[in-house]
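**Q** generate coordinates for the sequence data below:
(one chain, ligands or ions: 2)
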Amino acid sequence: MSENFCNKCGACCRRIPVDFENKMLFFDGIQELTSEFEQMLIPDTKTNNITFCSCKYLKEGLCTNPNKPAECKNYPSSPFAYIPEGCGYYGLIFSKLEAQKQHIRKLKEEIINYQTLLNSDKTVQRLIDHHQAIIDKYKLYGSENW
Ligand code: SF4
Ligand code: SF4
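**A** Ligands and ions are numbered 1, 2, ... in the order given. The predicted model follows:
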């Protein structure tokens, strides 16, 4: 990240949500759980299919891994990053998420406008499909309700 708002609390490495069954990691957005990342995890509490894990490289609140995986080097870059309480990036990620939601809402508005023109111009359907594909891309994050 270009801006450094990390207060070194270590919370993001202490409670990492993972769906082991579906190999999904909820860290910098929804990511595939790689075997490299999985071997670092120490499972703790479980709620439904989500297991909260700590990382074996976290010592006294600091990372001791000399070869951090890309997921850690980039965190938190995604508007969908899992931000624990007290994280210094909360405001930045919140505003990124709101910007992403605004974009999706705008596409939905445009679809409604295009639909009114649909009968007179067939190219409009292609525009609608294009917008809908972007909205669907963020379905896992709840874009249908934005
Ligand atoms: S939770 Fe946020 S502030 Fe705390 S160590 Fe992780 S990135 Fe830094
Ligand atoms: S490798 Fe370091 S940065 Fe990555 S989860 Fe573990 S302690 Fe955190």
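
**Q** in what helix or strand does the residue of the chain most remote from its centre lie?
**A** Computed with C-alpha atoms, centre = their mean, the residue of the chain farthest from its C-alpha average is Ser120, at 39.3 Å. Following DSSP states H and E, one finds Ser120 outside all helices and strands.

**Q** if I look at it, how far off is Pro17?
**A** Ser120 sits at a distance of 48 Å from Pro17 (criterion: C-beta to C-beta, to the nearest Å). For glycine as for every other residue, the C-beta is placed from the backbone atoms N, C-alpha and C.

**Q** may I see the buried residues of the lengthiest helix in the chain?
**A** Secondary structure of the chain per DSSP state H: the longest helix is helix 90-117. Neighbour counts over helix 90-117 (16 or more other C-beta atoms under 10 Å) mark Leu92, Ile93, Lys96, Leu97, Gln100, Lys101, His103, Ile104, Leu107, Ile111, Tyr114 as buried.

**Q** so who does the residue lying closest to the third one once chain neighbours are set aside touch?
**A** Residue nearest to Lys96 in three dimensions, not counting chain neighbours: Pro79, with 3.8 Å by C-beta to C-beta, 6 or more residues apart in numbering. Contacts were defined as C-beta atoms under 8 Å, 6 or more residues apart in numbering; by that measure Pro79 touches Gly29, Ile93, Lys96, Leu97, Ala99, Gln100.
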